[in-house]
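Here's a sequence, model it:
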Amino acid sequence: MVTEYHERIQRIILDLGKDLMENGNTVKKVRQGSSRPIHINHPTKDKNILYKPDAYYERKDGRIIAFEVLDSQSCEKTIADVTRSILNPNVRHLCLITKDDRSRNEVVKTCDVVLSSIADSADVPKEELLQSVSVVKVTVTKSKKRKEVEKLLSIALTDLSPSIMRKK
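Model (predicted):
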């Protein structure tokens, strides 16, 4: 079940991406994962796995910034989101958006365990993986204006990838 919070944040992410695209930034396409999933495949395997983030931006260099709104997700769903984002080499960043501090802290702990485990087993520096996932707390109340939420997401995007906010 999708909550009002989830729908509102997802709509703002999509609208912000369209604004970035129209203003000549590095965003080439703005997609909703449910209608245009990200493909995870292996060159020698026939099976294709579909990753359906809540929204994602495809940059002009082909890299992807994926967004997941975590309003009531389980630990298992967070693990799946992080793992799927890492399995596609084009996903440059995964931005996990939580509703409150308690949720954010839980997601940060889960991400730390997942990324540490992957780093250890794949012999990849943990810092390299940590750069690919960010957890952002966006508290939306009835009184909070859409522009305020866009500003929070813009700050998060700048922290994730300063080049996304750069105009051509």
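
and the residue lying farthest from the centre of the chain, what pLDDT?
In terms of distance from the mean C-alpha position of the chain, residue 44 ranks first, at 27.7 Å (C-alpha atoms, centre = their mean). In this model, residue 44 is scored at 85, pLDDT.

List phi and psi for it.
Phi and psi for residue 44, reported as degrees, to the nearest 10, are phi -110, psi 10.

Kindly report the same for residue 98.
Dihedral pair for residue 98: phi -110, psi 160, per degrees, to the nearest 10.

Tell me the predicted confidence for it.
Listed pLDDT for residue 98 reads 83.

now it, nearest residue through space, not along the chain?
Setting aside the residues directly before and after it, residue 98 is nearest to residue 104 in space (C-beta to C-beta, 6 or more residues apart in numbering), at 4.2 Å. Every C-beta, even on glycine, is put in place using the N, C-alpha and C of the backbone.

Where does the one you found fall, secondary structure wise?
Assigned by DSSP states H and E, residue 104 belongs to helix 101-122.

Residue 47 versus residue 93, what's the distance?
For residue 93, the distance to residue 47 equals 26 Å [C-beta to C-beta, to the nearest Å].

Likewise for residue 82?
In this structure, residue 82 and residue 47 are 21 Å apart, going by C-beta to C-beta.

got it, and residue 71?
Relative to residue 47, residue 71 is positioned 31 Å away (C-beta to C-beta).

higher neighbour count, the two?
Taking neighbours as other C-beta atoms under 10 Å, residue 71 and residue 47 compare with residue 71 leading, 19 against 7.

ranges for the helices of the protein?
If DSSP state H is used as the criterion, the helices of the chain fall at 4-22, 75-87, 101-122, 126-130, 146-160.

Any buried residues in the fourth one, and which?
Within helix 126-130, the residues that count as buried by 16 or more other C-beta atoms under 10 Å are residue 129.

Run through who's touching that helix.
If you take C-beta atoms under 8 Å, 6 or more residues apart in numbering as the criterion, helix 126-130 is touched by 86, 115, 116, 118, 119.
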